[in-house]
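Asker: could you work out the structure for the sequence below:
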Amino acid sequence: MSKYSSRRHDVLAAAKSWSVRGTPQQLTADINSIFGEHTFNMEVMREKLPKEVFQSLLATIDKGQPLDPKLADVVALAMKEWAVEHGATHFTHWFQPLTGLTAEKHDSFVTPNVGGGAVAKFSGKDLIQGEPDASSFPSGGIRATFEARGYTAWDPTSPAFIIKNHHGATLSIPTAFASWTGEALDHKIPLLRSMEALSQQALRALRLFDGLHANVHKVYTTVGSEQEYFLIDEEFFYRRPDLVTTGRTLFGAKPPRGQELEDHYFGSIPERVLAYMTDVEYQSYRLGVPVKTRHNEVAPGQYEIAPIFENSNIAADHQQIMMQIMKNTARKYGLVCLLHEKPFAGINGSGKHNNWSMSTDTGMNLLEPGETPHDNMQFLFFCAAVIKAVDNYQDLLRASVASAANDHRLGANEAPPAIISIFLGEQLTDIFNQIEKGKPESSKSKDLLGLGTPVLPHLPRHAGDRNRTSPFAFTGNKFEFRAVGASQSISFPNTVLNTIVAAAIDELTGAVEANLKAKMPFEQALHAVLKDVISKHKRIVFNGDNYTAEWHQEAEKRGLFNLRNTLAAVERLHDPKTMKLFEKYRVLNERELEARAEIFFDQYFKTVNIEAETSAMMAQTMILPAAIRYLHDLATTVNAIKQGGVHPAGVVQTLSEVSNLVDEFKSALDRLLEVNADLGGDTVHEKAYHMRDKVLPAMNAVRAAAAKLEKALPDDHWPLPVYSEMLFVK
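Answerer: Below is the predicted model:
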């Protein structure tokens, strides 16, 4: 073994030496018996609370009625008793600041009493309101350093839950987070506001349909988010400073084998990974997260987990909980869970496909087309509203998924491009074409697919295909927004979706109402509005291959936005139309929206700056010394052979080639050091543009030169675990 490296030992250890940490537990159980057992859910509340208190709280949760503060002490006492029964010693207000992560400050239930002892105490005030330091979280200028006060407020619509560890448990209470002056400093408040805005407009629209929905009191947006992720052995992770610091590999040559064989997708799940998945699901079930699907994804080392549909607010909370479970549980199996959008260059990155729909409190999915969609005018109305919304606010939808990490993924072969478009499929496209030309008369029907042998059943074939290249696709009874990044909170993309669709429903409802006032029959009034929508907004519909250069050219002709990077997208948040939208539906005021735009810029600058500094550090202290050592070894070998009277032409040529590669690498590194030393200006905007225009190209040049060195240096000289090891050692 070389004196320079012990990497081969790491590979053997990764492959052979892992074991489950901690006390193994039985993970097989009846899901019904464990589902939600660590949540303060409806069943627990019905059992623990007085009937009148439960009914009042239920009215708040289901119908959005104002919370009666007088109930807080009763609910708090019941919640504390339940939590203590589960071993909880502390409670925390669990919230989602604008970092995109979650935050929590733990307080003990224990309170000293006058006799010198202590009692477990948790009051209504403790439940309803907390006070974290608002100046220590991103605020985009809403809170200065000396303006520290902020508040967390209990969200009764999302169940409290217990997080257990080996030494205890904590009661976690989902909360909103606001400044002392009342502005939203989190993702939950705008999401709840947007859900209310959409509910109000959808209820107004439903009243048009002949009083069929008199018993509908609320419309919910629902979300089921598919979560993609990578797993690698921690042996490799902790020997890669880039992964530890930034979540992605800043160096790495293309391996001999990647995903070319297309054999990983839906393949047999490795035993170690399956054990991990089972553990994650077990913990998720106990916390009420309705996990449904698990499978291998396209890239080697990549996997997916997906829950079923839930109320958008709860789904967003559950997504954050699930990501934390995934990261924590991986360590138990000697693995590290990578949620970065592009941890490995040259293979598929990870997204979070956001399946979005609208449902009434009576259980009706408003985007369910039924067997004859051309006759389902209610469905066509709400579907048309989504088409109008996406076209009108395509730039805002793109900005909602903007990040430095997602820039590496969008437009690659596993993700949609930065151009927002809608895939409707053959059946719906045909129906809307009929509407534009006249009255819809038919729907392309489903048929049976014969498989050519009598032993196999005839399968029902859908009336339209699916399109994995589309960023926003109709997939049967929902729209799948595929551009959301794997590490991202789904709250802001869904806030945007809810708000733009609320605006579209508002406008379409107003247009139908105007036609009715003009004495048009209802069907004629509705048809006229639908025809107008498809005529004006059909440019956003594209059912072809979104990856092709021809589509980019066509999209430009259609006047669609192509916001290729985060900064170009985030600039659109300053558009007066965007500001007017959020203010009209009371989702974000001007100060709150400007703060979010500022935070986007700040996070972009800091993310790329950290990557650039990490890249330079690794290049200087790991890769360059390794290359110089190899040069020294080659030069020593050349001299030794020459002293023996032999001219080592091959070794001399190798020495020259490696020397040239080192020069190329050093030149690129010097450029990176130069641009790193200059932040580009004083404002965060100037710094962000400097990162995009100067630093990222310099980083990419260093990476390209390093990849050549990686392929030239002997295996035992290269100081980093390589792709073929990280991706394939399970």
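Asker: using PDB, write down the CA coordinates of stretch 336-343.
Answerer: Taking C-alpha atoms only, stretch 336-343 is exported to PDB below (Å, rounded to 0.1, in the frame of the first residue of the first chain):
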ATOM      1  CA  VAL A 336     -25.000   9.500   4.700                       C
ATOM      2  CA  CYS A 337     -28.100  10.800   3.000                       C
ATOM      3  CA  LEU A 338     -27.400  13.500   0.400                       C
ATOM      4  CA  LEU A 339     -30.300  15.800  -0.400                       C
ATOM      5  CA  HIS A 340     -28.400  18.200  -2.600                       C
ATOM      6  CA  GLU A 341     -29.900  18.700  -6.100                       C
ATOM      7  CA  LYS A 342     -26.700  17.700  -7.900                       C
ATOM      8  CA  PRO A 343     -24.200  15.900  -5.600                       C
END
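Asker: count of neighbours near residue 233?
Answerer: A count of nearby residues for residue 233, using other Cβ atoms under 10 Å, gives 25. C-beta: built from backbone N, CA, C; applies to glycine.
Asker: quick check: closest non-adjacent residue to it.
Answerer: Excluding the flanking residues, the one nearest residue 233 by Cβ to Cβ, 6 or more residues apart in numbering is residue 14, at 3.8 Å.
Asker: could you say which helix or strand holds that neighbour?
Answerer: Using DSSP states H and E, the secondary-structure element containing residue 14 is helix 7-16.
Asker: helix or strand right after that helix?
Answerer: The first helix or strand that comes after helix 7-16 along the chain, using DSSP H and E, is helix 31-34.
Asker: so which elements touch that next one?
Answerer: The elements that helix 31-34 packs onto, with contact taken as 3 or more Cβ pairs under 8 Å, 6 or more residues apart in numbering; DSSP states H and E, are helix 271-286.
Asker: tell me which residues in the helix it packs on are buried?
Answerer: Along helix 271-286, these residues count as buried under the neighbour rule (16 or more other Cβ atoms under 10 Å): 272-273, 275-277, 279-286.
Asker: just put the residues you listed in JSON lines and tack on distance to residue 468.
Answerer: As requested, the buried residues of helix 271-286 are arranged in JSON lines below (distance: Cβ to Cβ, whole Å):
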{"residue": "272", "distance to residue 468": "28"}
{"residue": "273", "distance to residue 468": "23"}
{"residue": "275", "distance to residue 468": "29"}
{"residue": "276", "distance to residue 468": "26"}
{"residue": "277", "distance to residue 468": "23"}
{"residue": "279", "distance to residue 468": "29"}
{"residue": "280", "distance to residue 468": "25"}
{"residue": "281", "distance to residue 468": "25"}
{"residue": "282", "distance to residue 468": "30"}
{"residue": "283", "distance to residue 468": "30"}
{"residue": "284", "distance to residue 468": "26"}
{"residue": "285", "distance to residue 468": "29"}
{"residue": "286", "distance to residue 468": "33"}
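Asker: which residues does residue 698 contact?
Answerer: Residues touching residue 698, when contacts are defined by Cβ atoms under 8 Å, 6 or more residues apart in numbering, comprise 612, 668, 671, 672, 674, 675, 676.
Asker: one more pass at 10 Å, please.
Answerer: By Cβ atoms under 10 Å, 6 or more residues apart in numbering, the contact set of residue 698 is 612, 615, 616, 668, 669, 670, 671, 672, 673, 674, 675, 676.
Asker: same deal with residue 295?
Answerer: Neighbouring residues of residue 295 by Cβ under 10 Å, 6+ apart: 265, 266, 267, 269, 277, 303, 304, 305, 306.
Asker: doesn't it lie inside a strand?
Answerer: Yes. Secondary structure of residue 295 (DSSP: H, G, I helix; E, B strand; the rest coil): part of a strand.
Asker: CA-only coordinates of stretch 563-577 in CSV, if you can.
Answerer: As requested, C-alpha coordinates have been extracted for stretch 563-577 and formatted as CSV (Å, rounded to 0.1, in the frame of the first residue of the first chain):
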residue,chain,number,x,y,z
LEU,A,563,-34.7,32.1,-16.9
ARG,A,564,-31.6,30.0,-17.0
ASN,A,565,-30.2,30.7,-13.5
THR,A,566,-31.3,31.7,-10.1
LEU,A,567,-30.5,35.4,-10.3
ALA,A,568,-32.3,35.9,-13.6
ALA,A,569,-35.3,34.2,-12.0
VAL,A,570,-35.3,36.0,-8.6
GLU,A,571,-35.1,39.4,-10.4
ARG,A,572,-38.7,38.7,-11.5
LEU,A,573,-39.9,38.9,-7.9
HIS,A,574,-39.5,42.7,-8.3
ASP,A,575,-42.0,42.8,-11.1
PRO,A,576,-44.9,45.1,-10.2
LYS,A,577,-47.3,42.4,-11.4
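Asker: check which residues of it are buried.
Answerer: Under 16+ other Cβ under 10 Å, the buried positions of stretch 563-577 are 563, 565, 566, 567, 568, 569, 570, 571, 572, 573.
Asker: then stretch 672-688?
Answerer: In terms of neighbour count (16+ other Cβ under 10 Å), stretch 672-688 has its buried residues at 672, 673, 675, 676, 680, 684, 685, 687, 688.
Asker: over to stretch 523-537?
Answerer: Residues 525, 526, 527, 528, 529, 530, 531, 532, 533, 534, 537 are the ones in stretch 523-537 that count as buried (16+ other Cβ under 10 Å).
Asker: could I get the buried residues of helix 271-286 as CSV with distance to residue 78 and pLDDT?
Answerer: CSV is the format used below for those (distance: Cβ to Cβ, whole Å; pLDDT from 0 to 100):
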residue, distance to residue 78, pLDDT
272, 42, 91
273, 40, 93
275, 37, 92
276, 35, 94
277, 35, 95
279, 31, 94
280, 30, 95
281, 29, 95
282, 27, 94
283, 24, 94
284, 25, 96
285, 23, 95
286, 20, 95
